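In: Everything below, folded, please.
(one chain, ligands or ions: 1)
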Amino acid sequence: MDDLQKRTWAEISLANIRHNYEAIRSDIPTGCRFLGVVKADAYGHGALRVAMLLQDCGADYLAVSCLDEALELRAGGITMPILILGHTPWQYTGSLIEHDITQTVTCLAKAEEYSAAAVALGKELNIHIKVDTGMSRLGFLCDGSLSEEGVDHIARSCRLPGLHTEGIYTHFAVSDEPGEENRAYTEKQFALFMHVTEELQTKYGIRIPIRHCANSGAVVNYPEMALDMVRPGYLLYGYGDTTGRLGLKPCMRLVTTVSTIKHYEAGTSISYGRRFQTTRRTRIGVLAVGYADGLPRAASCKCSFYTPWGKIPQVGTICMDMCMADLTDLYEVEVGTEVELFGEHADINALAEAAGTIPYELLCSVTKRVPRVYK
Ligand SMILES: *Cc1c(COP(=O)(O)O)cnc(C)c1O
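Out: Take a look at the predicted model:
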């Protein structure tokens, strides 16, 4: 980045992503595949860069949420397998096949549509079956009274012409949350998933080679659920290792700079809505970051940032392109000083809490205006 242009940027440590990949890899059983989730621009870290790194590291699979994200990776030279976790309209079956992209199939009706489209092209589409075991989102319902019908629908999907069923998976709702109730729920989801795969084998003679269910929470908290492949996203970027068991490192630092500094007398209101009033002569720094960069407006007056000399409280409403901070107690901070919003020193969890959200959302919210600087 042009040094004079330094405004706000996201510093991404590829070395830390590699470190995290290797730490997770050495924690999972040998023979267990590693799928890196790179949806949503790799949680803001840059999908193509992260995918290239994972391909280089020897990861087995990538996952994205939609066809456009998959095509971006193929156009960028990614040759490893890519799974689309979300829905793709059957009309794009040709594109999926042409670019060798694996599609998730979530119900019999969609399986039939993909099958018909693939047969019409005289080709085969690689699919993974998704089972809804309690997330109540996408997937074949196989619980309770739907048990037999669900498994039957999966079996019928697998047998359709033009489809090759390589994988079957499910997704956990509370694998990252502590407590006995959450553990019981996750174990119930897992047991149902195992039941489905066993029924497929014993009743229908269908053995699907890649069974996977472990998102980040499960990789950390339920290593016994790794099966044939793990599927971490958040964890890969250095978050969610709540106990520090894996020794992971955060990979993004969001950094801004001080644009100008002014002094105001006590009783001066700062920013839109006059939500903050100075109570003493105050040295205010204007920071070159706002909600259009991904700093949530909801965190206004509730967060603080890191400078090499200590923390500075954010004051006044966060604007689109700027926000203000109280520098009165840190006279060392000057125009041009780098201020970390989250990263190595400023805890992303604290900022997320101030904004009433989770770190996932902050990572994905760093906008395209913010240049990614790779280290
Ligand atoms: C996003 C997603 C993941 C990754 O979740 P993390 O909590 O980031 O590990 C895994 N599987 C599915 C189906 C997902 O949608």
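
In: what's near enough to touch residue 27?
Out: 219, 223, 246 (C-beta atoms under 8 Å, 6 or more residues apart in numbering). Bear in mind the C-beta positions are built from the backbone N, C-alpha and C, glycine included.

In: Next, count neighbours for residue 214.
Out: Neighbourhood size, residue 214 [other C-beta atoms under 10 Å]: 28.

In: And the pLDDT at the nearest residue to residue 125 once chain neighbours are set aside?
Out: Excluding the flanking residues, the one nearest residue 125 by C-beta to C-beta, 6 or more residues apart in numbering is residue 118, at 4.5 Å. Note for residue 118: predicted pLDDT of 98.

In: Need the phi and psi values for residue 118.
Out: Phi and psi for residue 118, reported as degrees, to the nearest 10, are phi -70, psi -40.

In: One more: residue 260?
Out: phi -160, psi 160.

In: Now that it has come up, it's in contact with residue 335, right?
Out: Yes: counting by C-beta atoms under 8 Å, residue 260 touches residue 335, with 6.1 Å between them.

In: can you tell me how far the residue nearest to residue 268 when sequence neighbours are not counted sits from the ligand?
Out: Distances taken as C-beta to C-beta, 6+ apart place residue 278 nearest to residue 268, at 4.8 Å, with adjacent residues excluded. Per C-beta to the nearest ligand atom, to the nearest Å, residue 278 is found 41 Å from the ligand.

In: With residue 116 instead?
Out: Residue 116 is 26 Å from the ligand, by C-beta to the nearest ligand atom.

In: That residue contacts residue 162, correct?
Out: Yes: contact between residue 116 and residue 162 holds when scored by C-beta under 8 Å: they sit 7.5 Å apart.

In: So which of these two has more stuff around it?
Out: Using other C-beta under 10 Å as the criterion, residue 116 and residue 162 rank with residue 162 on top: 20 against 15.

In: What about the residue lying closest to the more buried one once chain neighbours are set aside, how many residues nearby?
Out: Of all residues not flanking residue 162 in the chain, residue 118 sits nearest, at 3.1 Å (C-beta to C-beta, 6+ apart). By other C-beta under 10 Å, 24 other residues sit near residue 118.

In: give the contact list for residue 118.
Out: 93, 97, 124-125, 161-163.

In: The same query, at a cut-off of 6 Å, please.
Out: Residue 118 is in contact with 93, 124-125, 162, counting by C-beta atoms under 6 Å, 6 or more residues apart in numbering.

In: Kindly report the same for residue 97.
Out: 123, 125.

In: in which helix or strand would I find it?
Out: Assigned by DSSP states H and E, residue 97 belongs to helix 93-98.

In: Leaving out chain neighbours, which residue sits closest to the residue of the chain positioned farthest from its centre?
Out: Distance from the C-alpha centroid of the chain, by C-alpha atoms, centre = their mean, peaks at residue 265 (44.3 Å). Among residues not flanking residue 265 along the chain, residue 281 sits closest, at 5.8 Å (C-beta to C-beta, 6+ apart).

In: related to what we said a few turns ago, using a markdown table, lay out the contacts of residue 118 together with distance to residue 230.
Out: Formatted as a markdown table, the contacts of residue 118 follow (distance: C-beta to C-beta, whole Å):
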| residue | distance to residue 230 |
| --- | --- |
| 93 | 28 |
| 124 | 27 |
| 125 | 24 |
| 162 | 29 |
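
In: what's near enough to touch residue 7?
Out: Per C-beta under 6 Å, 6+ apart, neighbours of residue 7: residue 288.

In: mind checking how far the spatially most central residue of the chain is from residue 374?
Out: Among the residues of the chain, the one closest to the centroid is residue 43, at 4.2 Å (C-alpha atoms, centre = their mean). Using C-beta to C-beta, to the nearest Å, one gets 15 Å for the distance from residue 43 to residue 374.

In: May I see the contacts of residue 118 organised as CSV, with distance to residue 49 and secondary structure added?
Out: Output for the contacts of residue 118, formatted as CSV (distance: C-beta to C-beta, whole Å; DSSP: H, G, I helix; E, B strand; the rest coil):
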residue, distance to residue 49, secondary structure
93, 29, helix
124, 31, coil
125, 28, strand
162, 35, coil
